[in-house]
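Asker: generate a structure from the sequence data that follows.
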Amino acid sequence: MTVPAEKPKKVVSKKIAIVVHQEQSRPGRVGALLEKRGYELHRLCPNLGCNLPEDMSDYAGVVIFGGPMSANDCGTLAGIKCELEWIPKVIDAGVPYLGLCLGAQLLTRALGGRVNPHPEGKVEVGYVDIEPTEAGRAWFEGPMKVYQWHREGMQIPDCCELLATNDTYPVQGFRCGPNAFGFQFHPEVTLEMKEIWTLKSERLKQPGIQQRGVHLSMHALYDPPLDRWIDSFLDRWLATDQRSAAPELAMAAD
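Answerer: Prediction:
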């Protein structure tokens with residue numbers, strides 16, 4: 001009599017790799033929501049000499065946040081070069097990847113796309129409207145007001161699916177395969193972070209930029225829908241894990 005082999009037990013990792021770009025950078029609301037779900041945050045900063053993990057089996061996901069540098073700085077910043085080389089390994093391993101602002105632009109470049117300033121020099125700083133594409137309606141209920149802080153935009157390659165857009169920077173959100181997402185905006189930014197970012201910021205001196213009072217006073221109006229969206233999104237994002245240890249989750253996400 002042949003005894004059926006036992007199915008391997010599903011190993012559920014409770015660690016998230018949090019990649020930041022400055023010593024004072026913080027994961028904000030995204031980090032808090034992941035910790036609320038019981039995940040341990042493993043903070044990494046390649047620009048300060050941290051090595052990125054080669055073995056991703058211990059991680060349930062990777063989030064790469066924003067920063068003042070460019071995704072094109074791989075020739076001058078070893079940390080940016082390291083991230084660009086590492087991101088395809090994360091995706092190929094089937095680990096859920098989430099890129100926010102610079103993290104989305106790094107994903108774009110790692111996949112063969114381009115990152116450039118706006119041809120007319122326009123920037124998005126403050127509250128900006130975006131709307132979902134037809135494919136994006138599966139991820140966004142409708143148009144949203146999001147928080148932005150960037151001066152470059154993306155041209156994603158054909159392997160990516162556009163999820164959200166606007167007239168100024170057409171790529172606001174995209175997906176590559178089942179497990180990698182990039183968003184140009186900042187769902188992680190809390191009111192406290194806005195207070196820090198807008199204090200004595202040179203970026204706010206540019207023409208047409210929303211001033212500090214707008215950033216702070218409009219938080220109570222525009223932030224709650226974004227808070228609900230990212231809270232819901234994170235569960236669906238974590239469920240895109242493509243590794244054999246989580247087949248049911250992967251299927252549920254699609």
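Asker: buried sites along stretch 77-92?
Answerer: Across stretch 77-92, burial judged by 16 or more other C-beta atoms under 10 Å covers L77, G79, I80, C82, E83, L84, W86, I87, V90, I91. Quick note: C-beta positions are derived from backbone N, CA and C, even for glycine.
Asker: which residues does that stretch contact?
Answerer: Outside stretch 77-92, the residues that touch it by C-beta atoms under 8 Å, 6 or more residues apart in numbering are 19, 21, 45-48, 52, 54, 56, 62, 64, 69-71, 73-75, 97, 106-107, 109-111, 176-177, 179-180.
Asker: run the chain-centre distance for that stretch.
Answerer: Between the centre of stretch 77-92 and the centre of its chain there are 14 Å (C-alpha atoms, centre = their mean, to the nearest Å).
Asker: just the helices in the stretch 1-150 of the chain please.
Answerer: Listed in chain order, the helices of the stretch 1-150 of the chain (DSSP state H, counting those that start in this stretch) span 28-36, 78-92, 102-110.
Asker: mark which of the contacts of stretch 77-92 are buried, thanks.
Answerer: Neighbour counting by 16+ other C-beta under 10 Å classes 19, 21, 45-47, 52, 56, 62, 64, 70-71, 73-74, 97, 106-107, 109-111, 176-177, 179-180 among those as buried.
Asker: burial of the residue nearest to H186 when sequence neighbours are not counted, as a residue count?
Answerer: Once flanking residues are discounted, H186 sits nearest to Y147: 4.9 Å by C-beta to C-beta, 6 or more residues apart in numbering. The number of residues packed near Y147 is 24, by other C-beta atoms under 10 Å.
Asker: got it, and L163?
Answerer: Using other C-beta under 10 Å, L163 is surrounded by 23 other residues.
Asker: and it, helix, strand or coil?
Answerer: strand (DSSP: H, G, I helix; E, B strand; the rest coil).
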